[in-house]
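Engineer: Using only what follows, build the 3D model:
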Amino acid sequence: MFIIGNFLIAIARVLDIALSIYMWIIIIRALISWVNPDPYNPIVRFLISVTEPVLYPIRKRLPLLGGIDFSPIVAILAIIFIQTFVVQSLMQLGMSLR
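Structural biologist: So this is what the prediction gives:
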């Protein structure tokens, strides 16, 4: 059973790192949206193409309040929830199977 426990711990760590990186990508996208970024810049295009599939559905359901887009905040809160609930649950399950 220790192999399954180690596997779950590894999945939890990789998922935690991937979610942290994605959270930073969302933060960077929100920061560059405050300035007028060049839409043809490859970095800007990458940030938009990576974050838009997550932010668009949130933006569609969440109205603009005073012209401010709160979709990055909602996405970051969802990532924190997933890290706290799912990743920690996988980690504890893996530790109990060791």
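
Engineer: need the longest helix for this protein.
Structural biologist: Ordering each helix of the chain by length in residues (DSSP state H) puts helix 2-32 first.

Engineer: what does the average pLDDT come to for that one?
Structural biologist: Per-region confidence: helix 2-32 scores 96 on mean pLDDT.

Engineer: What is that helix packed up against?
Structural biologist: helix 42-61, helix 71-82, helix 88-97 (3 or more CB pairs under 8 Å, 6 or more residues apart in numbering; DSSP states H and E). Any C-beta I mention is one placed from the backbone N, CA and C, and that applies to glycine too.

Engineer: Flag every buried residue along the first one.
Structural biologist: Of the residues in helix 42-61, 47, 51, 54, 55, 58, 59 count as buried by neighbour count, 16 or more other CB atoms under 10 Å.

Engineer: And for the shortest one?
Structural biologist: Neighbour counts over helix 88-97 (16+ other CB under 10 Å) mark 90, 91, 94 as buried.

Engineer: how near is the last one to residue 2?
Structural biologist: Spelled out, it's residue 94. Per CB to CB, to the nearest Å, residue 94 is found 10 Å from residue 2.

Engineer: With the first one instead?
Structural biologist: Counting by CB to CB, the gap between residue 90 and residue 2 amounts to 15 Å.

Engineer: same check, this time on residue 37
Structural biologist: 49 Å.

Engineer: Looking at those two now, which is surrounded by more residues?
Structural biologist: Neighbour count, other CB atoms under 10 Å: between residue 37 and residue 2, residue 37 has more, with 16 against 9.

Engineer: Centre of the chain to the longest helix of the chain, how far?
Structural biologist: Distance of helix 2-32 from its chain centroid, counting by CA atoms, centre = their mean, to the nearest Å, is 8 Å.
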